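S.K.: sequence and computational prediction follow.
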Amino acid sequence: MTVDQDNLDDSTSNVRKQRRQQEDKKRMAYRRAIEDYRESKALHALVCDFPDLIGTAQNHQRLH
């Protein structure tokens, strides 16, 4: 039984390529999660800077 070295090399490189793609997907998902978290914290900080306006807006909505 002979093993075709080219097929073996192609198979190995495909496995490496797939593994690298999976790692890249995980890394990008992690980055997006961090960015979403930072944006959420920044938005929360902006909103919390004006708690009196939030209360006024809620009271205004209740009146209408």
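M.R.: Good, I have the coordinates.
S.K.: residues near Arg27, how many?
M.R.: Look at Arg27: counted by other C-beta atoms under 10 Å, it has 10 neighbours. All C-beta atoms are positioned from the backbone trio N, CA, C, and that covers glycine.
S.K.: kindly apply the preceding question to Lys41 instead.
M.R.: Counted with other C-beta under 10 Å, residues neighbouring Lys41 total 10.
S.K.: name all residues that make contact with it.
M.R.: With contact set as C-beta atoms under 8 Å, 6 or more residues apart in numbering, Lys41 has no partners.
S.K.: please, which helix or strand holds it?
M.R.: Using DSSP states H and E, Lys41 falls within helix 5-48.
S.K.: show the average pLDDT along that helix.
M.R.: Averaged across helix 5-48, the pLDDT comes to 92.
S.K.: count the residues that sit near Glu35.
M.R.: 10.
S.K.: state the distance from it to Arg27.
M.R.: As judged by C-beta to C-beta, to the nearest Å, Glu35 and Arg27 stand 13 Å apart.
S.K.: wait, what's in contact with Phe50?
M.R.: By C-beta under 8 Å, 6+ apart, Phe50 has no neighbours at all.
S.K.: could you report the neighbour count for Ala42?
M.R.: For Ala42, using other C-beta under 10 Å, the count is 10.
S.K.: against Glu35, how distant is it?
M.R.: Ala42 sits 11 Å away from Glu35, going by C-beta to C-beta.
S.K.: repeat for Val47
M.R.: With C-beta to C-beta as the criterion, Val47 and Glu35 are 19 Å apart.
S.K.: ok, Asn14 next?
M.R.: Distance, Asn14 to Glu35, using C-beta to C-beta: 31 Å.
S.K.: again, but for Arg20
M.R.: From Arg20 to Glu35 the distance is 22 Å (C-beta to C-beta).
S.K.: equivalent analysis for Gln18, please.
M.R.: Counting by C-beta to C-beta, the gap from Gln18 to Glu35 is 26 Å.
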